[in-house]
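Asker: Turn this into a model:
(one chain, ligands or ions: 1)
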Amino acid sequence: MTIESVERIGVIGAGTMGNGIAQVCALNGYEVVMRDIEDEFVENGIEAIDDSLGRFVSKGRIDESEVEATKGRITGTTDLDDLADCELVIEAAVEKMEVKQEIFADLETVTDEDVILATNTSTLSITTIASATDREERVVGLHFMNPVPIMEGVEVVVGEKTGAETIDLVHALATDLGKTTWESDDKPGFVTNRILMPWINEGIRAYDEGVASKEDIDTGMELGTNVPMGPLTLADHIGLDICLDASETLSEELGDRYKPAYLLKRKVDAGDLGKKSGAGFYEYD
Ligand SMILES: NC(=O)c1ccc[n+]([C@@H]2O[C@H](COP(=O)([O-])OP(=O)(O)OC[C@H]3O[C@@H](n4cnc5c(N)ncnc54)[C@H](O)[C@@H]3O)[C@@H](O)[C@H]2O)c1
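Answerer: Here you go, the predicted structure:
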């Protein structure tokens, strides 16, 4: 299969990443079928796309006609069978191995056998996800960054059995979406989260241990190390539940130096998941 034969892309999950991926694919001319488990989640995803496209218009990056065309290319659904005609699927559901394996096993039955199944997982093994299917050479990691419409980078993660044709095709797709790729072996956290997650957890521990206020930790890291966001703000943007799941996977695989910060667990238990729930380390409208 070549990139030219991809016209319709399935996206699993309409959350932070799924709706961003759907938007970018549709904006670049692909038909998109975005699936979540409840109508409300699909509607929220479509709304988030509307808002994001609106911001693109106000910044003069696209015009109203492109907004309408982009929206017209996105179909929201709760029915997995609606992905039957897709040539490629990108999964962006929750960061749980059992959920992803179940989704991949279901996709195996719904899609044609040559369809590429990509996962946006942050930390989980591509090889283990692929083992739920009979097409392991067509399963690959395609790790978009948050917020997808803004961030340029996409990490291509190569599982034990991922085939060369699959790898080439997802690099080509990401490039066609205006992104720049790099490649990682299928090792926990890949390049980005292996390094990012301990940094975020250390920021949370520093705050919890009273090294500085949360604002000063973020400001110190922004101005002191030239990153666009400090660790507490970034954790809120990523989602504290996503950070916790990622840190737990990393500590299981790589040892105690990746253990999630206590305060991260407490915030998640309290339902404060960051920007998406209205509160995390900071409050959001
Ligand atoms: N948030 C980030 O910054 C970020 C960055 C890169 C990668 N990721 C990864 O992307 C994936 C999604 O993360 P997110 O931040 O969008 O999470 P999210 O919680 O915002 O959204 C996940 C969505 O998946 C849906 N879902 C759950 N089970 C499903 C199923 N069986 N079928 C379809 N949809 C299902 C949920 O209802 C929810 O709407 C995770 O694997 C995460 O690790 C997240």
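Asker: need the residues of the stretch 101-250 of the chain near the ligand, please.
Answerer: 103, 120-122, 143, 146, 238-239, 242 (CB under 6 Å from any ligand atom). C-betas here are computed from N, CA, C, even on glycine.
Asker: Grab the two from those residues that are most spread out in space.
Answerer: I103 and I238 (21.0 Å; CB to CB).
Asker: so what's the closest residue to S5 other than its chain neighbours up against?
Answerer: Using CB to CB, 6 or more residues apart in numbering and skipping the chain neighbours, the partner closest in space to S5 is E87 (6.1 Å). Taking CB atoms under 8 Å, 6 or more residues apart in numbering as the contact definition, E87 lies against 1, 5-9, 115-116.
Asker: Distance check, the residue in the stretch 1-150 of the chain that the ligand sits nearest to against V154.
Answerer: Relative to the ligand, the nearest point of the stretch 1-150 of the chain is G15 (1.9 Å; CB to the nearest ligand atom). With distances taken as CB to CB, to the nearest Å, G15 is found 18 Å from V154.
Asker: picking up where we left off before, have a look at the contacts of E87 and tell me the least confident one.
Answerer: pLDDT is lowest at M1 among the contacts of E87; the value there is 82.
Asker: Bridged to the residue nearest to D82 when sequence neighbours are not counted, which residues?
Answerer: Leaving aside its chain neighbours, D82 sits nearest to V33 (5.3 Å; criterion: CB to CB, 6+ apart). Residues in a beta bridge with V33, per DSSP bridges, are G10, T75.
Asker: V33 touches A14, doesn't it?
Answerer: No. Here V33 does not reach A14: they are 10.9 Å apart, not a contact under CB atoms under 8 Å.
Asker: More neighbours: those two, which one.
Answerer: A14 (31 against 23; other CB atoms under 10 Å).
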